[in-house]
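*Asks:* give the three-dimensional model of this entry:
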Amino acid sequence: MTRIQANLLLLLAGAMWGMGFVAQSSAMDSVGPFVFIGLRFVLATLAVLPFAIREGRRAERALTARNWLAFVWVGLMMLGAIAFQQIGLLTTTVTNSGFLTGLYVVMTPLFTVVLFRNWPHPIVWPAALTALAGIWFLSGGAVEALNPGDWLTVLAGGFCALQVIFIARAASGTGRPITLAVTQFAVCAVAGLAVALIHEPIDWGAIRIAAPEIVYAGVFSGAMAFTLQVIGQRYTTAPQAAIFLSSEALFAALFGALILGERLPASGFLGCGLIFLAIVAVEVLPMVFAKKSAVTL
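*Replies:* As a prediction, this is how the structure comes out:
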């Protein structure tokens with residue numbers, strides 16, 4: 001697979017996730033967040049499991065215990081991202097959720113400094129400040145105007161960053177992307193259903209009402225999109241992967257407006273624009289400067 005093909009897969013995953021925000025938000029008119037998470041990822045697990053079994057049979061070597069632990073760890077990071085994002089959608093809009101989740105692109109290089117002492121390109125620091133300014137305007141010019149759902153979504157973005165980091169560092173080299181994907185789904189399914197059984201009512205009538213959203217989120221923005229992410233990241237760089245995946249914010253805003261009728265004030269549009277500018281800058285400008293330096297040399 002070429003890098004262009006891989007990046008197109010990641011763009012498709014971003015579009016599916018953008019539509020997924022709408023499904024996630026609509027479903028909670030009927031069911032609780034962890035019922036939705038559990039059922040969504042049960043479907044995702046079942047959809048991808050046959051392909052993971054086939055991948056395992058064709059693999060040249062078996063996975064080690066260390067590999068499985070890495071897969072489960074990535075799954076826990078995914079669980080944190082999905083859970084905080086889903087709960088956040090109880091009190092924030094699809095548009096806000098899409099853009100605030102996209103902050104993971106800025107958080108990813110920052111976390112690599114903290115965790116692994118890998119210093120990013122200098123553009124990361126002004127990009128981070130630009131993203132913070134975007135949050136400010138998205139909140140209407142006052143941090144206290146950000147509601148709990150917004151802050152939970154920022155936390156979800158942090159877990160997204162950790163997921164991307166650990167896929168790149170600990171899991172992608174195994175050559176078993178579909179097995180990694182299905183392991184993530186299974187972790188989220190088991191944890192989601194466990195929490196739901198303890199804290200949320202199980203109403204089968206409500207589940208039937210939310211079934212279209214659960215199916216979309218499970219099969220398309222779950223099974224297909226996350227599997228495309230893992231496959232795409234094998235053939236492109238982490239920075240390029242992040243910028244194509246960040247397109248979910250734009251798709252979320254588009255689908256939120258078209259389907260849910262969400263509208264932003266002028267300051268909100270400015271905030272979204274600044275966040276997206278930061279996302280693009282932190283991934284595109286380092287590559288531009290690197291090419292210019294190579295030409296100069």
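
*Asks:* tell me who's in contact with the closest residue to Phe84 other than its chain neighbours.
*Replies:* Closest residue to Phe84 apart from its sequence neighbours, by C-beta to C-beta, 6 or more residues apart in numbering: Ala156 at 3.8 Å. For every residue, glycine as well, the C-beta is placed using N, CA and C. Counting by C-beta atoms under 8 Å, 6 or more residues apart in numbering, Ala156 touches Gly80, Ala81, Ile82, Ala83, Phe84, Gln85, Gly88, Leu100, Thr101.

*Asks:* format these as a markdown table; extra columns: secondary structure, distance to Val48 and neighbour count.
*Replies:* Below are those laid out as a markdown table (DSSP: H, G, I helix; E, B strand; the rest coil; distance: C-beta to C-beta, whole Å; neighbours: other C-beta atoms under 10 Å):
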| residue | secondary structure | distance to Val48 | neighbour count |
| --- | --- | --- | --- |
| Gly80 | helix | 20 | 19 |
| Ala81 | helix | 18 | 24 |
| Ile82 | helix | 16 | 27 |
| Ala83 | helix | 20 | 21 |
| Phe84 | helix | 23 | 23 |
| Gln85 | helix | 20 | 27 |
| Gly88 | helix | 26 | 25 |
| Leu100 | helix | 28 | 30 |
| Thr101 | helix | 22 | 27 |
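
*Asks:* relative to Thr2, how far out is the residue nearest the centre of the chain?
*Replies:* For the chain, Cys160 is the residue whose C-alpha lies nearest the centre (C-alpha atoms, centre = their mean; 5.3 Å). Going from Cys160 to Thr2 by C-beta to C-beta, to the nearest Å gives 26 Å.

*Asks:* pLDDT weak spots in the stretch 101-250 of the chain?
*Replies:* Applying pLDDT under 70 to the stretch 101-250 of the chain flags the ranges 120-121, 132, 135, 138-145, 171-172, 237-240, 242-243, 246.

*Asks:* was I right about Met107 contacting Val164?
*Replies:* No - using C-beta atoms under 8 Å, Met107 is not in contact with Val164, being 9.3 Å away.

*Asks:* touching stretch 118-134 from outside, list them.
*Replies:* 99, 103, 106, 109-110, 112-113, 270-279, 281-282, 285-286, 289.

*Asks:* and stretch 167-176, by the same measure?
*Replies:* Contact with stretch 167-176 is made by 52, 55-56, 59-60, 63, 67, 70-71, 73-74, 116, 180, 230, 233-234, 238, as judged by C-beta under 8 Å, 6+ apart.

*Asks:* among those, which lie within helices?
*Replies:* Ala52, Glu55, Gly56, Asn67, Ala70, Phe71, Trp73, Val74, Phe116, Leu180, Val230, Ala238 (DSSP state H).

*Asks:* spatially nearest residue to the second one (excluding sequence neighbours)?
*Replies:* Counting by C-beta to C-beta, 6+ apart, Glu55 lies nearest to Ile178, which is 4.7 Å off, once chain neighbours are set aside.

*Asks:* can I get the CA coordinates of the host helix or strand of Ser97 in PDB?
*Replies:* For Ser97, the host element (DSSP states H and E) is helix 94-101. Output in PDB follows, covering the C-alpha atoms of helix 94-101 (Å, rounded to 0.1, in the frame of the first residue of the first chain):
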ATOM      1  CA  VAL A  94     -21.500  17.600  18.300                       C
ATOM      2  CA  THR A  95     -19.500  20.500  16.800                       C
ATOM      3  CA  ASN A  96     -17.700  21.400  20.000                       C
ATOM      4  CA  SER A  97     -17.000  17.700  20.700                       C
ATOM      5  CA  GLY A  98     -15.400  17.200  17.200                       C
ATOM      6  CA  PHE A  99     -13.100  20.200  17.500                       C
ATOM      7  CA  LEU A 100     -12.200  19.700  21.200                       C
ATOM      8  CA  THR A 101     -11.400  16.000  20.600                       C
END
